[in-house]
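Asker: Turn this into a model:
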Amino acid sequence: MPTTAPTGTTTPTTTPATTGLPTATALDTARLLLGVLLPTVVKGPIIRRPWAVGLTARLDLDTKAVAIVRKVHARYPEGPLMLRLPIRKQAMVLDPGDVNTVLAQSPEPFSPASSEKKAALSHFQPSNSLISRGPVRTVRRALQEQVLDTDHPVHHLADTFVPVVEQEMQGLLTEALRTGSLPWAAFQDAWYRVVRRVVFGDHARDDKELTAMIIRLRKDGNWSFLKPVRKDTRRRFLQRIGDELAHAEPGSLAAVMAAAPKGEGAAPAEQVPQWLFAFDPAGMAVFRALTVLATHPEAMATARREIDGDTSGRRVLPYLRASILEALRLWPTTPMILRQTTRPVEWPEGVMPADCGVLVYAPYFHRDERSLRSAHNFSPERWLTDEDDGWPLVPFSDGPVVCPGKQLVLLLTSAALASLVSGHDFGVEQGQTLDPDRPLPGTMDNYSVRLGVSPRA
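Answerer: Residues are numbered from 1 along each chain as shown. This next block holds a predicted model:
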């Protein structure tokens, strides 16, 4: 268990080798950079690049990345691993217990406001809680938790939100039956309508301009430090959000935000873009889970039994929520969890310096067949038992910095899945082969998937 280094501890300020922590050789550092970090960054950390996801799937790069991390971990079994970099103090956490420690001790001394994350997210939300530190972070995080009902599995506006999901999914199905198939692009358009209505209200349903603005800024965010901020676009985007908050439609997250008490420095308009950002990969998880259910008859039957017996109005669907979590475990939409030390931290193996980047590569833990039952198969049941408690399955991060919208995301995504599969059958017409009797691929290229749709038999 690491502790904050006491006053007077000598903190290394030059090369990682002086920390006492294990340090990767130049060759192993290169393996991790080229085989793990580079493919993940190329896919797009802030918004996915479809061509890169497709290439990663064809070359099976995510599976190869996990294998690289495993080999490196075998060479350095103890403690966080310092990488040998010339301009950046950077550690990679390879032990599951160390992962739990880092997440449990966030935001202090392991701040989520890493330099890379701040540079990326500042393209569209420079004062968001996720990249804030100190007292102002506390104020902004508290506002997020209040609006998103972080501690409640069912959001207090569920009676408004769930019918929105149902309406948009049924409209999507009507069009899919007319055209004969359901491609990713059609689902994404419907999901964006859900997001705009939930966040801003029904009047924003067809406001594609607002969605296009954040997509443009997120694409810039993929380049982090390497691309200048479009300050005029960001200003207009944040002004649009400010106008929405000033004229918030009742029954929307914007209305809850507008009415919530706010501490000094809360920056409410800059907390909203994170919702638009985070709901995007949530839609990806729905479509991927749907694709798996379409190819896994037993899982589909279990899902439908839950839906047919539901008495909660699709607000509490444990198996479908677990299906979303399982899709996120298999194909994390946030594969790299980033932290940065706010001060020196002592580990049994040595001292991690201040301002050191800390990386958790989630797929390494999510796909570890040595420790997880059915690590490469679709097994939602794992989320309904305590079998894997203590193991870092962290699709929404964990600890004090867990995603504040986790429960709301699971509410909306499970309701979407229920709306889709309750009355319709699906089959994969185009895309990757998913066999319930074989390991699932390391990358799910949802962009190439086209599902056939028919009324439920």
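
Asker: all strands of the stretch 51-200 of the chain, in order?
Answerer: Under the criterion DSSP state E, counting those that start in this stretch, strands of the stretch 51-200 of the chain are mapped to 81-82, 90-92, 110-111, 181-183.

Asker: just checking, residue 453 is part of a strand?
Answerer: Yes - judged by DSSP: H, G, I helix; E, B strand; the rest coil, residue 453 forms part of a strand.

Asker: confidence score at the closest residue to it other than its chain neighbours?
Answerer: Residue nearest to residue 453 in three dimensions, not counting chain neighbours: residue 176, with 4.3 Å by CB to CB, 6 or more residues apart in numbering. Using the backbone N, CA and C atoms, a C-beta is placed for each residue, glycine as well. For residue 176, the pLDDT comes out at 97.

Asker: Count the residues that sit near residue 176.
Answerer: 22 (other CB atoms under 10 Å).

Asker: got a list of what it touches?
Answerer: Residues in contact with residue 176, defined by CB atoms under 8 Å, 6 or more residues apart in numbering, are 182, 186, 451, 453.

Asker: So it versus residue 128, what's the distance?
Answerer: 35 Å (CB to CB, to the nearest Å).

Asker: Residue 218 too?
Answerer: Residue 218 is 13 Å from residue 128, by CB to CB.

Asker: Pretty sure residue 425 sits in a strand.
Answerer: Yes - looking at residue 425 with three-state DSSP, it is inside a strand.

Asker: burial measure for the residue lying closest to residue 326 once chain neighbours are set aside, as a count.
Answerer: Nearest residue to residue 326, sequence neighbours excluded (CB to CB, 6+ apart): residue 380, at 4.6 Å. A total of 24 residues lie near residue 380 under the criterion other CB under 10 Å.

Asker: Likewise for residue 163?
Answerer: Close neighbours of residue 163, defined as other CB under 10 Å, add up to 14.

Asker: again, but for the one 10 residues further on
Answerer: Using other CB under 10 Å, residue 173 is surrounded by 18 other residues.

Asker: so it touches residue 426, yeah?
Answerer: No - applying CB atoms under 8 Å as the test, residue 173 and residue 426 come out as separate, 10.1 Å apart.

Asker: What residues of stretch 200-211 count as buried?
Answerer: Of the residues in stretch 200-211, 200, 201, 204, 205, 207, 210, 211 count as buried by neighbour count, 16 or more other CB atoms under 10 Å.

Asker: scratch that, stretch 87-101 is what I was asking about
Answerer: Quick answer for stretch 87-101 (16+ other CB under 10 Å): 89, 90, 91, 92, 93, 94, 95, 96, 98, 99, 100, 101.

Asker: now stretch 155-169
Answerer: 155, 157, 158, 160, 161, 162, 164, 165, 166, 167, 168, 169.

Asker: Distance of the fourth one relative to residue 118?
Answerer: Looking back up the chat, that one is residue 160. Counting by CB to CB, the gap from residue 160 to residue 118 is 34 Å.

Asker: How far does stretch 122-137 stretch from one end to the other?
Answerer: Stretch 122-137 has an end-to-end distance of 15 Å (CA to CA, to the nearest Å).

Asker: can you check stretch 396-408 too?
Answerer: Start-to-end span of stretch 396-408 (CA to CA) is 12 Å.

Asker: same deal with stretch 358-365?
Answerer: Stretch 358-365: ends 16 Å apart by CA to CA.

Asker: Sketch out the low-pLDDT regions of the stretch 351-457 of the chain for me.
Answerer: The model of the stretch 351-457 of the chain has no residue with pLDDT under 70.

Asker: can you pull out the helices in it?
Answerer: Counting by DSSP state H, counting those that start in this stretch, one finds helices in the stretch 351-457 of the chain at the ranges 362-366, 406-421.

Asker: among these, which is the most enclosed?
Answerer: helix 406-421 (a mean of 25; mean count of other CB atoms under 10 Å).

Asker: counting contacts, what elements does it pack onto?
Answerer: Under the contact criterion of 3 or more CB pairs under 8 Å, 6 or more residues apart in numbering; DSSP states H and E, helix 406-421 touches helix 158-179, helix 184-200, helix 272-295, helix 297-308, helix 318-330.

Asker: how does it look with 10 Å?
Answerer: helix 134-148, helix 158-179, helix 184-200, helix 272-295, helix 297-308, helix 318-330 (3 or more CB pairs under 10 Å, 6 or more residues apart in numbering; DSSP states H and E).

Asker: quick check: angle from that helix to helix 158-179?
Answerer: Counting by axes from the mean of the first three to the mean of the last three CA atoms, to 10 degrees, helix 406-421 lies at 40 degrees to helix 158-179.

Asker: relative to helix 272-295, how tilted is helix 406-421?
Answerer: Angle, helix 406-421 to helix 272-295, by the same axes, to 10 degrees: 40 degrees.

Asker: And residue 391, how far from residue 401?
Answerer: Distance from residue 391 to residue 401, by CB to CB: 19 Å.

Asker: same check, this time on residue 424
Answerer: Relative to residue 401, and taking CB to CB, residue 424 is found at 38 Å.

Asker: Compute the mean per-residue pLDDT across stretch 141-161, please.
Answerer: 97.

Asker: what do you get for stretch 247-254?
Answerer: 98.

Asker: How about residues contacting it?
Answerer: Stretch 247-254 has contacts (CB atoms under 10 Å, 6 or more residues apart in numbering) with 147-149, 155, 157, 159-161, 164, 195-204, 241, 244-246, 255-259, 268-269, 272, 275, 405, 408.
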